[in-house]
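>>> Quick one: sequence plus predicted model below, questions after.
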Amino acid sequence: MRVGCHLSTARGFEKAVEAALELGGNFFQYFPKNPRSYQPKAVDRAAGARGAEAARAAGVWTVAHSPYVTNLATYDPKLHETTVASVVNDLELTEALGTPWLVVHFGKHVGGGEADGKRRMVETLDEILDRYRGSTLLCLENTAGQGSEMGRTPAEWMEIVEAVRQPGRLGLCLDTCHAFAAGVVDWRDERSVAAFEEELRATGALPLIKVIHFNDSMVDFGGRRDRHQRLLKGFLGEEGLRRAATLPAFREIPLCLETPVDEEREYGPEIALLRRWKEEAEAEEAGA
Ligand SMILES: [Zn+2]
Ligand SMILES: [Zn+2]
């Protein structure tokens, strides 16, 4: 099993690898550059190779996350240019660190309507994939449907993936809190989860999910707001969280916590909880 959390690389990528192990994880997410800016960062291949080797030697897998300001469906032509350059830069930085996946949120249509927003998002993705020729997979993350956010449902994710010229170079990232807040799956309800799983299979989305962002939610089912909560402190509760963590269809997909901890060491108990749930579920399946 792969479990971990979002970690700072401010003290260096190798330190984050060590921190992941100390917290009991074997996976972590990081920002390849400042998460509040589009400002490109120079790609340091030697430092990247050292970081990649440290993760490989430790048996730790990694995923990167694009800056939060990124809107793949922006109207502004100048911002569109900046966005393409920023994501291409993120993909290059990520690849240099040996990370196979870069996560970016679905776009916001900002009042222009969904159809136009989707068209602009597809154009932006086509440009990014034309300019970046490397191996890192760009993974689109589902949203809570807050404001004009697109990408709530598996059908919407696949509509975008299937419309780009190089669909094989895209993956998906599923956030448990966003899907719940979006009103797409109620993890507390076995039937809702079964229907969601069926939708993931029917649309072809399931095999594209490379990473699961594992978070509880501060808002109730369908609340349409993106507010992560610490495990067992939000609306998913133990039953919902446990069901999401142990769904057999998700067994091989790495879980990454993005819960609002004050200090990284507080991820330790949450990682331990995920490990315990998954171990118990696997033992139960083996015994059944
Ligand atoms: Zn997330
Ligand atoms: Zn979120």
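Nice, thanks for sending it over. Computed from a prediction, not measured in an experiment: that's the story for all the values here. Ligands and ions are numbered 1, 2, ... in the order given.

>>> I'd like the distance from stretch 70-89 to the chain centre, please.
Between the mean C-alpha location of stretch 70-89 and the chain-wide mean there is a distance of 19 Å, by CA atoms, centre = their mean, to the nearest Å.

>>> Which residue is the nearest non-sequential neighbour of Ala155?
Thr203 (5.7 Å; CB to CB, 6 or more residues apart in numbering). Where C-beta positions appear, they are placed from N, C-alpha and C, glycine not excepted.

>>> and the gap between the one you found and ligand 1?
When CB to the ion, to the nearest Å is the yardstick, Thr203 and ligand 1 sit 20 Å from each other.

>>> so that residue touches Met158, yeah?
Yes. Counting by CB atoms under 8 Å, Thr203 touches Met158, with 4.6 Å between them.

>>> What sits closest to Arg224 if chain neighbours are left out?
Leaving aside its chain neighbours, Arg224 sits nearest to Gly145 (4.9 Å; criterion: CB to CB, 6+ apart).

>>> swap that for Glu18, sorry
Ala58 (7.7 Å).

>>> give the contact list for that neighbour.
With contacts taken as CB atoms under 8 Å, 6 or more residues apart in numbering, Ala58 has the following neighbours: Val17, Glu18, Ala20, Leu21.

>>> Out of those, which sit inside helices?
Taking DSSP state H, the ones among the contacts of Ala58 that sit in helices are Val17, Glu18, Ala20, Leu21.

>>> still on that earlier bit, check for me that the residue nearest to Arg224 belongs to a strand.
No. Counting by DSSP: H, G, I helix; E, B strand; the rest coil, Gly145 is not part of a strand but coil.

>>> how close does it get to Leu236?
Spatial separation of Gly145 from Leu236 under the definition CB to CB, to the nearest Å is 17 Å.

>>> again with Glu156
In this structure, Glu156 lies at 22 Å from Leu236, with CB to CB as the measure.

>>> and the nearest residue to Asp175 once chain neighbours are set aside, how many neighbours does it have?
If you skip the residues right next to it in sequence, Asp175 has His213 as its closest partner in space, 3.9 Å away by CB to CB, 6+ apart. One way to gauge burial is a neighbour count; for His213, by other CB atoms under 10 Å, it gives 24.

>>> show me what contacts His213?
Residues in contact with His213 (CB under 8 Å, 6+ apart) are Val103, Glu141, Cys173, Leu174, Asp175, Thr176, Cys177, His178, Cys256, Leu257, Glu258.

>>> what sits against the closest residue to ligand 1 within the stretch 51-200 of the chain?
Nearest residue of the stretch 51-200 of the chain to ligand 1, counting by CB to the ion: Asp175, 3.8 Å away. Applying CB under 8 Å, 6+ apart to Asp175 gives the contacts Glu141, Asn142, Ala144, Ile212, His213, Asn215, Glu258.

>>> Could you identify the most distant pair in these?
Of all pairs drawn from the contacts of Asp175, the greatest distance, 15.3 Å, lies between Ala144 and Ile212 (CB to CB).

>>> what bridges to the residue nearest to the spatial centre of the chain?
Closest residue to the average C-alpha location of the chain: Cys173 at 4.0 Å, with CA atoms, centre = their mean. Per DSSP bridges, the residues bridged to Cys173 are Glu141, Val211.

>>> Okay then, goodbye and thanks.
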